[in-house]
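Q: What follows is a predicted protein model with its sequence.
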Amino acid sequence: MKKHALKPLWVALTVIALVLLARYVMVPKDFGVNGRNFTYGFHRQSAINDWLVVPVKYKGKESCNECHDDKYAENLESRHRLLECENCHGPALEHPENPERLVIDLSRDLCLRCHSKLDYPNSPRGALPGIDPAEHNAGLACSECHNPHRPDLEDM
């Protein structure tokens, strides 16, 4: 083999060796120990312990029911029954220990995330009641006219 062909071959082999060495040094020993399951082998067994110490940010609707049973019951009877409370009120991290942490967002933009009129005729998203924000009570918060816990009521 000619020398001009050997030099690129040695460079390629060196790069491959360095990548394999870096992988051996940097990848944790418990990475991929569960085989090729739904995570395609990209699972680190010790990650479970790492995630157990992360505080839960979203607690779910049932935790709201402990103190706000009236609003919980209203919500279960409304069109918003499939939504978690935290979709609108934000994550319940440190609530109720620190009630100020859970700020109620009364902005119009919050409601418009789901209720802006979009033309998706073959999509469930197109079936949501939507408005044109420029025409429908522009400048007012939606909660001034609508009860988000009971949106099927005409007025609050």
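A: Nice, I can see it. From a predicted model like this one, the values you see are computed outputs, not experimental measurements.

Q: Show residues contacting stretch 55-63.
A: With contact meaning CB atoms under 8 Å, 6 or more residues apart in numbering, stretch 55-63 is reached by 72, 75, 84-86, 91-93, 95. Bear in mind the C-beta positions are built from the backbone N, C-alpha and C, glycine included.

Q: State the distance from Cys142 to Lys57.
A: Cys142 sits 25 Å away from Lys57, going by CB to CB, to the nearest Å.

Q: of these two, who's got more company?
A: Just comparing Cys142 and Lys57: by other CB atoms under 10 Å the higher neighbour count belongs to Cys142, 21 against 11.

Q: quick one: that one and Cys114 touch, right?
A: No. Applying CB atoms under 8 Å, one finds Cys142 not in contact with Cys114, separated by 10.9 Å.

Q: average pLDDT for the biggest helix by length in the chain?
A: Assignment by DSSP state H gives helix 3-26 as the longest helix of the chain. For helix 3-26, the mean per-residue pLDDT is 91.

Q: can you list the domains in this structure?
A: Here the domain parsing of the chain from automatic domain parsing is 3-52, 61-144.

Q: Let's see the helix or strand following the longest helix of the chain as PDB, backbone CA atoms only.
A: Under the assignment DSSP states H and E, the closest C-terminal helix or strand after helix 3-26 is helix 47-52. Extracted in PDB, the C-alpha atoms of helix 47-52 (Å, rounded to 0.1, in the frame of the first residue of the first chain):
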ATOM      1  CA  ALA A  47     -30.700   7.600  37.200                       C
ATOM      2  CA  ILE A  48     -33.700   6.300  39.100                       C
ATOM      3  CA  ASN A  49     -32.000   7.400  42.400                       C
ATOM      4  CA  ASP A  50     -31.100  10.700  40.800                       C
ATOM      5  CA  TRP A  51     -34.700  11.400  39.900                       C
ATOM      6  CA  LEU A  52     -36.100  10.300  43.300                       C
END
